[in-house]
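[1] From the sequence below, what's the structure:
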Amino acid sequence: MGRKPKDSIVKKVKHQKLKKIIQAPKGMPDILPEDDQFRRKIYKVAHEVADYYGFGKVELPIAEETNLFLHGTGATSEIVQRQMFSFKTPGGDQLSLRPEFTPNLMRVYLEKGFFNLPKPVKLFTYGPLFRYEQPQRGRYRQFWQYDFEVIGDGDPIYDALTIQLMYNTLNDLKIKNLLVEVNTIGCDNCRPIWRKNLKNYFHSKLKKLCSDCQRRYKNNILRILDCKSEQCQPIKENAPKMIDYLCHDCRSHFKSLLEYLEELQLPYEINHRLVRGLDYYTKTVFEIRETDDNLALCGGGRYDYLVEILGGRPTPAVGAAVGVERLVEILKNKQTRVTDNSQKNRLFLIILGEQAKKKGLGLMETLRKANINVAESFGKDSLKAQLRQADKMNSPFVLIMGQKEAIDNTVIFRDMKSGVQELINIDNIGEELKKHIKNFIV
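    A predicted model of the protein is given here:
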């Protein structure tokens, strides 16, 4: 619980009228009904894929101990250094709004004893995340993702499976022309040699790099390869490639992954500049994007050291996440038709008079139990006003209950197109309506 505001402040604000309307915080947009219909479709597809591949859903707290991200995400990552919303509670706890899902799920894996379950353990989640960065296309300070993690098996077949299922969620949303970009960043045995050669390569070019990359040179040199600044692009072209320094195990792992992708017939290309932005990745890293757009829709990879860093036994793992806002943008731009069952073909219920109002609520529950979609405008008293509302909602049929119908336990069924009306007894209204209408079943 937070501290209560002082009484003097409350009294001062109580009757004070605001000079301007309060707006949503910068980069934290409202989710409006026209976007919610796309989001529900996205989550439905994600759930279906999770169920098919055997992933258990986990609901995570929005705030976690800051140390979880300092150790899990990495102290040198830009998320931890510049982008976390962190705060201290009145009780002295240091917390941060979650900037990603992977450390949180690894915390669940350790805290709840999931390491005792048969391997691999497959976990799935979705929800809002928070990063303090300048809002831009597809990037917000509060944004949504869905996330899949496979924990406890180092076989590259699970790298391929993760890529396949993430590809499937996008493909099932009718997003076409997808391309998988894949790379390897090695392990603790072979990556230090690559890092050293990158240091040597960029040292003489340091002044030509952007200011962010000059800082990355000291803190996290791999992120230079991921820089989107135009001035850094030509400098990166001839930078050393990890594939030239791979140890036998990492080379074999990457070779097997590519063979699996070939077998799955997934469209992919090797991107030697792909490193991802988090410290915990090892071996496989990948992104999925549309072929005509450079913005990644999905990103992920393998992180075989993270569970151990967080206090567990050495445990290989691989996972990925998809940004929901970009999917919504694509679906809207493509004018994808989404079935919105909240408004689809709703039968409109018109209630006239106090007696009908009392009975109308019970009638609405009867129709819900019969799986019949119903809309209403009970606050409007006149028949004309309610019919106008039914017309605005494009309801093909209406039910009308006035005082007489309420007493007689009946309702008038009207076809809005033909104007034909029929009296129906409420006792068997579900069955009676199903005889007259179609496409009203939820």
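
[2] for the stretch 151-300 of the chain, what spans make up the helices?
    Remark: helices assigned in the stretch 151-300 of the chain by DSSP state H, counting those that start in this stretch are 156-172, 191-203, 211-219, 233-236, 248-264.

[3] what's the least confident stretch among those helices?
    If these are sorted by mean pLDDT, helix 211-219 sits at the bottom with a mean of 85.

[4] where in the chain is pLDDT low?
    Low-confidence segments of the chain (pLDDT under 70): 1-15, 74-78, 137-138, 277-278, 335-345, 438-442.

[5] Nearest residue to residue 229 in space, please, no chain neighbours.
    Nearest residue to residue 229, sequence neighbours excluded (CB to CB, 6 or more residues apart in numbering): residue 210, at 4.2 Å. (Glycine included, C-beta is placed from N, CA and C.)

[6] Over to residue 67?
    For residue 67, ignoring the flanking residues on the chain, the nearest one in space by CB to CB, 6+ apart is residue 94 at 7.3 Å.

[7] Now do the one you found against residue 105, distance only.
    Residue 94 sits 21 Å away from residue 105, going by CB to CB, to the nearest Å.

[8] Likewise for residue 149?
    For residue 149 relative to residue 105 (CB to CB), the value is 5 Å.

[9] Mutual contacts of the two, please.
    123, 319 (CB atoms under 8 Å, 6 or more residues apart in numbering).

[10] Would you state the strands of the stretch 201-350 of the chain in chain order?
    For the stretch 201-350 of the chain, applying DSSP state E, counting those that start in this stretch gives strands covering 268-270, 282-290, 296-302, 317-323, 347-351.

[11] wait, which of these is closest to residue 115?
    strand 317-323 (11.2 Å; CB to CB).

[12] Quick check: buried residues in the helix or strand harbouring residue 67?
    Assigned by DSSP states H and E, residue 67 belongs to helix 66-72. Going by neighbour count (16 or more other CB atoms under 10 Å), the buried part of helix 66-72 is 66, 68, 69, 70, 71, 72.

[13] List just the nearest of these to residue 90.
    Closest approach to residue 90 among the buried residues of helix 66-72 (CB to CB): residue 66, at 15.9 Å.

[14] pretty sure that closest one contacts residue 94?
    Yes. The pair formed by residue 66 and residue 94 meets the contact definition of CB atoms under 8 Å, at 4.5 Å.

[15] intersection of neighbour lists for those two?
    residue 86.

[16] How much space separates the spatially most central residue of the chain from residue 132?
    Of all residues in the chain, the one closest to the mean position by CA atoms, centre = their mean is residue 145, 2.3 Å from it. As judged by CB to CB, residue 145 and residue 132 stand 17 Å apart.

[17] re the thing from before, so between residue 94 and residue 105, which is more surrounded?
    residue 105 (25 against 12; other CB atoms under 10 Å).

[18] Contact partners for that one?
    Contacts of residue 105 by CB under 8 Å, 6+ apart are 58, 60, 123, 125, 147, 149, 151, 319.

[19] To what extent is the fourth one buried, counted in neighbours?
    Same thing as residue 125. Look at residue 125: counted by other CB under 10 Å, it has 22 neighbours.

[20] can you check the third one too?
    Neighbourhood size, residue 123 [other CB under 10 Å]: 25.

[21] Now tell me what touches the longest helix that the chain contains from outside.
    Counting by DSSP state H, the longest helix found in the chain is helix 33-53. In this structure, residues lying in contact with helix 33-53 by CB under 8 Å, 6+ apart are 31, 57, 122, 124, 126, 144, 146, 148, 161, 165, 168-169, 172-173, 322, 324, 327-328, 331-332, 336, 338-340, 342.

[22] May I have it exported as CSV, CA atoms only?
    What follows is helix 33-53 as a C-alpha-only set of coordinates in CSV (Å, rounded to 0.1, in the frame of the first residue of the first chain):
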residue,chain,number,x,y,z
PRO,A,33,-12.5,-1.0,-29.3
GLU,A,34,-11.4,-0.7,-32.9
ASP,A,35,-7.9,-2.1,-31.9
ASP,A,36,-9.2,-4.6,-29.3
GLN,A,37,-10.9,-6.7,-32.0
PHE,A,38,-7.5,-7.3,-33.7
ARG,A,39,-5.8,-8.0,-30.3
ARG,A,40,-8.4,-10.6,-29.4
LYS,A,41,-7.7,-12.3,-32.7
ILE,A,42,-4.0,-12.2,-32.1
TYR,A,43,-4.3,-13.7,-28.5
LYS,A,44,-6.7,-16.4,-29.8
VAL,A,45,-4.1,-17.5,-32.4
ALA,A,46,-1.3,-17.4,-29.8
HIS,A,47,-3.4,-19.5,-27.4
GLU,A,48,-4.3,-22.1,-30.1
VAL,A,49,-0.6,-22.5,-31.0
ALA,A,50,0.4,-22.7,-27.3
ASP,A,51,-2.2,-25.4,-26.7
TYR,A,52,-1.2,-27.4,-29.7
TYR,A,53,2.5,-27.4,-28.8
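
[23] chain center to the helix or strand just after that helix: distance?
    Next helix or strand after helix 33-53 toward the C-terminus (DSSP H and E): strand 56-57. Computed by CA atoms, centre = their mean, to the nearest Å, the chain-centroid distance of strand 56-57 equals 15 Å.
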